[in-house]
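Chemist: Please find the sequence and the predicted model below.
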Amino acid sequence: MRQNISVEDALESILSQARPIAESESVPLSAAFQRVLAQDLPSRVFHPDADDSAVDGYAVRGEETITASVATPVRLEVVGEAPAGRPFAGEVQRGQAVAIYTGAPIPKGANAVVRVEDTVRDGSGVWLLKPASPADIRHRGDDLRQGEVYLHRGTWLNAARVALAAAMGYPSLPVVRRPRVGILSTGDEVVEPGQPLPYGGVYNSNSYALAGQVQEAGGEAVVLGKVPDSLEALGRSLAGVGLLDVLLTSGGVSMGKYDLVRQMLEKDGRIHFWKVKIQPGGPVLFAEYRGLPVLGLPGNPVSSMVVFHLFGRALLFKLLGRSDAPYAGIQATAATAFGANPSKRAYRRGILRWTPEGFTVETTGNQSSGVLRSMVEGNALVMLEPGESARVGDRVTVIPLGFTV
Ligand SMILES: Nc1nc2c(c(=O)[nH]1)N[C@H]1C(S)=C(S)[C@@H](COP(=O)(O)OP(=O)(O)OC[C@H]3O[C@@H](n4cnc5c(N)ncnc54)[C@H](O)[C@@H]3O)O[C@H]1N2
Ligand code: MOO
């Protein structure tokens, strides 16, 4: 078992153990949001399907309109109309125009469009006050060309990507099976919300934070409840976890006599590493238990969430074959001071704001790992290398929580 390793070494150890999920399933578009595409998707269609109008106006022969102006308007005969979805069947001849609407194919014979606001309707004709513009025509395939791949395997399906799959003609999509992620909380003091809280007790918040984080990363959260601090109970729970791809445990990984997750995994599993040089979350462990990867998260609520963000997300991304990064850093200007940890990389909770001067970040205040509020009030982690502090005005690296690039 390796101990006191760097974030980079810990990530490498975790990712080298993770085997991407090979199974996929087909889901209707309406269920594809926040899934991961399992295959490359070539477009089934051209979009636009034909050269069409980008504006409401009149489709004309452009060369006939070159001299049009307010002082010298050009009159054309309106021979029909082309609403979107009902293309004009004929051909525009010399001296003619067709009333056209945004999205309608340009009729045969026409090669330019005059916007309706640059015209005056006059009975069966129309006066053009400006030359027609070929720039108001969108060309077949400007957006999508049939057969070309626009969405690749490993793509996280956000709203725009599901919409693009729809635009390409797919009613359902092949997606990677969601990794099943078991969540087991430990600790005699941990009580389910709704139960009376005994003296010294604490409500189980970690299971719910982790369940949400697992889903945000694309996994299926299987909340396994909590086990008391006894090796026997823990052993029974671990034996009965069922079909899982990953197990997350919360608590019981530190130095205490009752920190049984570590003891159990030492005895019956294989611990790859224990303790990473980070704060919060230092006591994190990564192990294998009967072939199941186990990420042991420290019990403190902030530590558990931060460690999941740094390591759990990366593990799930690898299992899902996601091609985007699990998180990313940006630069911001410190609006308050941030204190250093002398020997560990620190992740302080901050409030990231976009201002006219760029990104700024302010501390959430009390940085204790037990203050879950800091994860609610904050929207970012300020990353400080060992010994690095920040004064007001310093540039710092910040990991936004809630979006990736
Ligand atoms: N002698 C030392 N003691 C501790 C060290 C150390 O290095 N030497 N490390 C500290 C650090 S850092 C952390 S983080 C914690 C991690 O400890 P555990 O993972 O063993 O967690 P527990 O002791 O079980 O609990 C810690 C804390 O979190 C609360 N908790 C636990 N589970 C939940 C839950 N599901 N929902 C909400 N809150 C939970 C628990 O009541 C404790 O207050 O160890 C330090 N100790
Ligand atoms: O790592 Mo502990 O997470 O500092 O409280």
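Modeler: Ah, there it is. Ligands and ions are numbered 1, 2, ... in the order given.

Chemist: Quick one: neighbours of the residue in the stretch 301-405 of the chain that ligand 1 sits nearest to, just the number.
Modeler: At 4.1 Å from ligand 1, residue 303 is the closest residue in the stretch 301-405 of the chain, using C-beta to the nearest ligand atom. C-betas here are computed from N, CA, C, even on glycine. For residue 303, the number of neighbouring residues by other C-beta atoms under 10 Å comes to 26.

Chemist: ditto for residue 110
Modeler: Neighbour tally, residue 110, other C-beta under 10 Å: 25.

Chemist: can you tell me the helix or strand for the residue nearest to it when sequence neighbours are not counted?
Modeler: The spatially closest residue to residue 110, leaving aside those adjacent along the chain, is residue 59, at 3.8 Å (C-beta to C-beta, 6 or more residues apart in numbering). Per DSSP states H and E: residue 59 is located in strand 57-60.

Chemist: What helices and strands are in contact with that strand?
Modeler: On a contact count with 3 or more C-beta pairs under 8 Å, 6 or more residues apart in numbering; DSSP states H and E, strand 57-60 meets strand 74-82, strand 96-100, strand 112-115, strand 125-128.

Chemist: Same question for stretch 316-333: list its buried residues.
Modeler: For stretch 316-333, a neighbour-count test (16 or more other C-beta atoms under 10 Å) marks 316, 317, 318, 319, 320, 321, 322, 326, 327, 329, 332, 333 as buried.

Chemist: what do you get for stretch 42-52?
Modeler: Buried, per 16+ other C-beta under 10 Å, within stretch 42-52: 43, 46, 47, 48, 51, 52.

Chemist: got it, and stretch 180-187?
Modeler: By 16+ other C-beta under 10 Å, the buried positions in stretch 180-187 come out as 180, 181, 182, 183, 184, 185, 186, 187.

Chemist: Just the ones of those in strands?
Modeler: Of the positions in the buried residues of stretch 180-187, 180, 181, 182, 183, 184, 185, 186 sit in strands, assigned by DSSP state E.

Chemist: related to what we said a few turns ago, just the ones of the buried residues of stretch 316-333 in strands?
Modeler: Per DSSP E, these map to strands at 332, 333.

Chemist: now the buried residues of stretch 316-333 in JSON lines, with pLDDT and distance to residue 357?
Modeler: Output for these, formatted as JSON lines (pLDDT from 0 to 100; distance: C-beta to C-beta, whole Å):
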{"residue": "316", "pLDDT": "98", "distance to residue 357": "36"}
{"residue": "317", "pLDDT": "98", "distance to residue 357": "33"}
{"residue": "318", "pLDDT": "98", "distance to residue 357": "37"}
{"residue": "319", "pLDDT": "98", "distance to residue 357": "40"}
{"residue": "320", "pLDDT": "98", "distance to residue 357": "38"}
{"residue": "321", "pLDDT": "98", "distance to residue 357": "39"}
{"residue": "322", "pLDDT": "98", "distance to residue 357": "34"}
{"residue": "326", "pLDDT": "96", "distance to residue 357": "29"}
{"residue": "327", "pLDDT": "95", "distance to residue 357": "24"}
{"residue": "329", "pLDDT": "96", "distance to residue 357": "19"}
{"residue": "332", "pLDDT": "98", "distance to residue 357": "10"}
{"residue": "333", "pLDDT": "98", "distance to residue 357": "7"}
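
Chemist: Residue 363: which of the buried residues of stretch 316-333 is nearest?
Modeler: Nearest to residue 363 among these, counting by C-beta to C-beta, is residue 332 at 12.2 Å.

Chemist: give me the beta-bridge partners of the closest one?
Modeler: Using DSSP bridges, the bridge partners assigned to residue 332 are residue 396.

Chemist: that older thread, which elements pack onto the host helix or strand of the residue of the stretch 301-405 of the chain closest to ligand 1?
Modeler: Element membership for residue 303 (DSSP H and E) is helix 301-307. The contact analysis (3+ C-beta pairs under 8 Å, 6+ apart) places helix 301-307 against helix 206-217, strand 292-297, helix 373-377.

Chemist: Right, I'll call it a day here.
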